[in-house]
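Colleague: compute the structure for the input listed below.
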Amino acid sequence: MESHLTERNVEELDSEIETENMRKIEAALFLSGRFMNIQELITITDVNPILLKKMLSDLQDKYKNSGINIIQQENTWKMDVAEDFLEMVNRLATGSSEFTKAEQETLAMIAYKQPMKQSVVIKIRGNKAYDHIKQFVELGLLHKKKMGHTSELSLTEKFYDYFHLAKGEHLPTEEENESYPTTKNT
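Modeller: Sure, this is the predicted structure:
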């Protein structure tokens, strides 16, 4: 028995491939949690660049009126929570933070005072702050630049992306932060 490709079979196959490609792009944007350029998306998804750009636009339309947005900045793309829900999500995220209270306090101090010498941070926060700083540098949230016998610490672009802040945006005060509960201590 011979199988013939009909026009309907070809259309169904094309539709299945398009759906699969769309799902790949969605998964890549969801998991990355950061802006990705077209080349990164092509490498990860193996989707043709012309189709990729069209599908990114289709995804923007798909999520337009939902709690999720597909954001484009220049030639980079990111899946993120809709602006209307950022405050709620930040409250949720703070409640089950991946950082201990001590780590949060170290990072907050650096964020407020940056650029800041590591030796000053250690003097104020104690020796545990060495571990905090190391972790934040490894996560890409802090930039560490050697300055004599110490290092200068400053925030990276990833810090602003991670906490959904624009450079120069008002950072919450300690009192404002206390209204968001944390579950971990030390």
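Colleague: how many other residues sit next to Thr76?
Modeller: Residues lying near Thr76 (other C-beta atoms under 10 Å) number 14. To be clear about C-beta, it is placed using only N, CA and C from the backbone, and glycine gets the same treatment.
Colleague: next, the buried residues of stretch 20-33.
Modeller: Using 16 or more other C-beta atoms under 10 Å as the test for burial, stretch 20-33 gives 21-22, 24-26, 28-29.
Colleague: which of those residues lies closest to Phe35?
Modeller: Leu29 (9.5 Å; C-beta to C-beta).
Colleague: contacting residues around the closest one?
Modeller: Neighbouring residues of Leu29 by C-beta atoms under 8 Å, 6 or more residues apart in numbering: 36, 41, 59, 70, 77-79.
Colleague: show me where the chain dips below the pLDDT cut-off.
Modeller: Scanning the chain for pLDDT under 70 picks out 1-5, 90-97, 168-186.
Colleague: break it down into its domains, please.
Modeller: Split into domains by automatic domain parsing, the chain comes to 7-81, 92-178.
Colleague: downstream of the lengthiest helix in the chain, the next helix or strand is which one?
Modeller: In the chain, with assignment by DSSP state H, the single longest helix is helix 7-32. Remark: after helix 7-32, the chain's next helix or strand is strand 36-37, criterion DSSP states H and E.
Colleague: same for that following strand, what does it pack against?
Modeller: Using 3 or more C-beta pairs under 8 Å, 6 or more residues apart in numbering; DSSP states H and E, the elements in contact with strand 36-37 are strand 76-81.
Colleague: listing partners with orientation, what would you give for the strand it packs on?
Modeller: In the sheet, strand 76-81 lines up against strand 36-37 (antiparallel), strand 68-73 (antiparallel) (DSSP bridges).
Colleague: after the shortest one, which helix or strand is next?
Modeller: In this case it means strand 36-37. Counting by DSSP H and E, the next helix or strand C-terminal to strand 36-37 is helix 38-45.
Colleague: in that next one, which residues are buried?
Modeller: 41, 44-45.
Colleague: over to stretch 68-80?
Modeller: Applying 16+ other C-beta under 10 Å to stretch 68-80 flags 68-71, 77-80 as buried.
Colleague: farthest-separated two in the residues you listed?
Modeller: Most distant of those, by C-beta to C-beta, are Ile68 and Trp77, 12.8 Å apart.
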